[in-house]
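Engineer: Below: sequence and its predicted model.
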Amino acid sequence: MRTTESETNEDLSWWRRFQRDLALLGRLAGMAVYYWTRGARLRKVYRDCEARGKVLWVDDDPAETERRLR
């Protein structure tokens, strides 16, 4: 399993460790942005369905979800 604290990391230069940490920070920032944007949209749709007393179906096909919500 890959970890950030493996024995080979001691051999990495400070620049390579900095790049690794920067890549990890970028990935975490991307996950946060995804949560705030797409997650907010999904939570809004869920709240709307919940208020109408309907079930939110999460499908690959958005048209199928809309059909079920009617």
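Structural biologist: Structure's in. What do you need? Residues are numbered from 1 along each chain as shown.

Engineer: all contacts plus neighbour counts: C-alpha atoms, from now on.
Structural biologist: Noted.

Engineer: Remind me which helix or strand residue 29 belongs to.
Structural biologist: If you go by DSSP states H and E, residue 29 is part of helix 14-52.

Engineer: okay, now residue 51: neighbour count?
Structural biologist: Residue 51: 9 surrounding residues under other CA atoms under 10 Å.

Engineer: sorry, back to before: would you indicate which residues of the helix holding residue 29 are buried?
Structural biologist: Buried residues in helix 14-52, defined by neighbour count with 16 or more other CA atoms under 10 Å: residue 46.

Engineer: And that helix, how far out from the chain middle?
Structural biologist: With CA atoms, centre = their mean, to the nearest Å as the basis, helix 14-52 stands 5 Å off its chain's centre.

Engineer: Stretch 51-66 too?
Structural biologist: Distance, stretch centre to chain centre, for stretch 51-66: 20 Å (CA atoms, centre = their mean).

Engineer: Now do the helix holding residue 29, average pLDDT.
Structural biologist: Helix 14-52 comes out with an average pLDDT of 92.

Engineer: Who are the packing partners of that helix?
Structural biologist: Here helix 14-52 touches no other helix or strand, going by 3 or more CA pairs under 8 Å, 6 or more residues apart in numbering; DSSP states H and E.

Engineer: and the gap between the most centrally placed residue in the chain and residue 38?
Structural biologist: Against the mean C-alpha coordinate of the chain, by CA atoms, centre = their mean, the closest residue is residue 31 at 4.5 Å. Distance of residue 31 to residue 38, computed by CA to CA, to the nearest Å: 10 Å.

Engineer: what is in contact with the two at once?
Structural biologist: By CA atoms under 8 Å, 6 or more residues apart in numbering, residue 31 and residue 38 have no common neighbours.

Engineer: can you count the residues close to the residue found closest to residue 45 once you drop the neighbours it is linked to in the chain?
Structural biologist: Closest residue to residue 45 apart from its sequence neighbours, by CA to CA, 6 or more residues apart in numbering: residue 56 at 7.9 Å. Using other CA under 10 Å, residue 56 is surrounded by 17 other residues.
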